[in-house]
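K.L.:
Below are the sequence and a predicted model for it; my questions follow.
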Amino acid sequence: MTGSIHITRWGDSGPRVILVHGGVQGSAAAGERNFSNQRVLAERGWQLIVPDRPGHGRSPDPGRPDDAEADGAWIADLLGDGAHLVGHSYGGACALNAAARRPSSVHSLTLIEPAMHAIARSDPRVMRFLFRMVTTMLFSTSAASRATRMMKLLGIPPEAGSRSREELEQLGKNARRGKLPSKATLDRELGQVERAGIPLLVVTGGWSPAFEASSDLVAATGGGRRVVIRSPHHFPQWVSDEFNQRLVAFMEESDAKRHI
């Protein structure tokens, strides 16, 4: 599978960082767009590896729905003999799966607004979010309407990419097919991260009570730390250079501890 994945690379030396984007299959915008503000890290001594997940951007349709476990397998292969791992939204679930598969190869794990609401499904804030998501999936008048409503609910900003009617239709259809990890799976994988001592950072933008609640529990379950980088939307890595500074400090701290 790794051979069919389109990979953008920024920088040719320094510690390796794998950046895994989120989104729904059928989106033209993928890794390079989702992490465009992180490209400057290549000028600061980091080697960035930015794949397009299958069915996203320039990677071919895999003939299956979005699946964090299936994506986790090829991401684990990309880790090689070791790398820092960053996942945004659904890409966070994929990155977590990869980390649980090969914990000894993960120098640090950073999750940005991860799609892990199932872990906190009993929290009233998360329950309200999940109810709105279910009604959006079941009762939208068309696939394009479903995609538009879903992006609004998830805080996807306009700058995430212009969407043609055809792309919206595809996104709306694929949104109903994607597989999200269960609470049991998340608990197990985060437990593996904690037991392996993988440094974990969970970042949110503070705009969504549901993402705040679920991310608090993700960090607590995985033995990690929490950071809020104020953002009006689902992409706190875009708002300013604060995310880059926090990420670099976290990765450098993680590397220093590994070498003690």
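P.N.:
Done, it's in.
K.L.:
can we go C-alpha only for contacts and neighbour counts from here?
P.N.:
Noted.
K.L.:
Can I get stretch 98-109 in PDB, CA atoms only?
P.N.:
Extracted in PDB, the C-alpha atoms of stretch 98-109 (Å, rounded to 0.1, in the frame of the first residue of the first chain):
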ATOM      1  CA  ALA A  98       0.200   3.400  13.800                       C
ATOM      2  CA  ALA A  99       1.700   4.400  17.100                       C
ATOM      3  CA  ALA A 100       0.000   1.400  18.900                       C
ATOM      4  CA  ARG A 101       1.400  -0.900  16.200                       C
ATOM      5  CA  ARG A 102       5.000   0.300  16.400                       C
ATOM      6  CA  PRO A 103       5.500   2.100  19.700                       C
ATOM      7  CA  SER A 104       9.200   1.700  19.700                       C
ATOM      8  CA  SER A 105       9.400   3.700  16.400                       C
ATOM      9  CA  VAL A 106       7.400   6.700  17.600                       C
ATOM     10  CA  HIS A 107       9.600   9.500  19.100                       C
ATOM     11  CA  SER A 108       6.500  11.500  20.000                       C
ATOM     12  CA  LEU A 109       2.800  11.600  19.100                       C
END
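K.L.:
List of residues touching that stretch?
P.N.:
Stretch 98-109 is touched from outside by 69, 71-76, 79-87, 95-96, 189-190, 192-193, 196, 198-201, 251, 254-255, 258, with contacts defined as C-alpha atoms under 8 Å, 6 or more residues apart in numbering.
K.L.:
ok, which stretches of the stretch 1-150 of the chain are strands?
P.N.:
7-10, 16-20, 47-51, 83-88, 106-112 (DSSP state E, counting those that start in this stretch).
K.L.:
Partner strands of the longest one, with direction?
P.N.:
Going back to what we said before, that points to strand 106-112. Sheet pairing of strand 106-112 (DSSP bridges) gives strand 83-88 (parallel), strand 200-204 (parallel).
K.L.:
Same list (these) but as a markdown table, adding mean neighbour count, distance to residue 144 and mean pLDDT.
P.N.:
What follows is these, written out as a markdown table (neighbours: other C-alpha atoms under 10 Å; distance: least, C-alpha to C-alpha, whole Å; pLDDT from 0 to 100):
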| stretch | mean neighbour count | distance to residue 144 | mean pLDDT |
| --- | --- | --- | --- |
| strand 83-88 | 25 | 23 | 98 |
| strand 200-204 | 26 | 27 | 98 |
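K.L.:
Now render those strands as TSV, adding distance to residue 180.
P.N.:
Formatted as TSV, those follow (distance: least, C-alpha to C-alpha, whole Å):
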stretch	distance to residue 180
strand 83-88	14
strand 200-204	18
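K.L.:
Go through the ones you listed and name the closest to residue 40.
P.N.:
The closest of the strands paired with strand 106-112 to residue 40 is strand 83-88. By C-alpha to C-alpha, the value is 15.6 Å.
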